[in-house]
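> mind looking at a prediction? Sequence and model below.
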Amino acid sequence: MSTSLSHLTRRLGMLGALTGVALAAGLAVGAPAQAGTTLRVATVQCVEETDEVGDDSPYFLVFAASTTNPGATAFGRWGPGGWDAEVASGETYYPNASIVSGVSSGWLLISVMLEEDYDNDLSAGEITWIGNNMYNQYQISFWKDAATRNSELRNTLRNTTNMYLSNDELVATAATTASVSGTWATYVGDGGNYKVKYTLP
């Protein structure tokens, strides 16, 4: 989708205040490790925006979990905030925004990208319930091989989130590992293609 010069200028001005404007909420689930720190959405690359009308309004849910302690987990959400209908194909953004606290390097990250249509579908209570459901699933999936564990967690995140969506679109889920140097998650769905980098300070 082409972007006019005025639209591009408006977007660049908005990005300068992105960290302060965008929504960043971390909901702790389970017992985060003492050495944990804050997971951040460092980079959002829009290779191709979704098929929804207008520019995209992406937001993300992340379930983070220790691979050695099933009781150590965290859950959070970020976006779209100031990005509401502002993300277009071929552009890269650098929010460096907090999404969830209490995360350690090497933790498993199960995430989902959603595209907001009109108002956000998920209330704070529903996000908490999704996080609790992910924690409960992890108590079961923790003991299985990594491929099965990740598949079950991604399915749980997808299915539980979908229960509360009325207008918003679920783009895709991803499984990655938290890292100080950063890790990339790819989301392909609903006509869109995004690459998102999550980092620890």
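Okay, I see it.

> contact partners for Y138?
Y138 makes contacts with G30, F63, A65, P70, T73, L153, as judged by C-beta atoms under 8 Å, 6 or more residues apart in numbering. Where you see a C-beta, it was placed from the backbone N, CA and C, and this is true even at glycine.

> go again using 10 Å as the cut-off
Shown in contact with Y138 (C-beta atoms under 10 Å, 6 or more residues apart in numbering): 29-30, 63, 65-66, 70-73, 108, 110, 149, 152-153, 156.

> so which of those residues sit within helices?
R149, E152, L153, T156 (DSSP state H).

> what's stretch 142-159 in contact with?
Stretch 142-159 is contacted by residues 61-63, 65-71, 73, 75, 108, 110-112, 130-131, 133-134, 136-138, 140-141, 170, 172-176 when judged by C-beta under 10 Å, 6+ apart.

> where in this protein is pLDDT low?
Low-confidence segments of the chain (pLDDT under 70): 1-36.

> cutoff 50 now
Scanning the chain for pLDDT under 50 picks out the ranges 1-34.

> helices of that one, start to end?
Assigned by DSSP H, the chain shows helices spanning 5-15, 18-21, 124-141, 146-162.

> hmm, back to that, in PyMOL, how would I select just the buried ones from the contacts of stretch 142-159?
Selection command for PyMOL covering only the buried members of the contacts of stretch 142-159, criterion 16 or more other C-beta atoms under 10 Å:
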select buried, resi 61+62+63+65+66+70+73+75+108+110+111+112+130+131+133+134+137+138+141+170+172+173+174+175+176
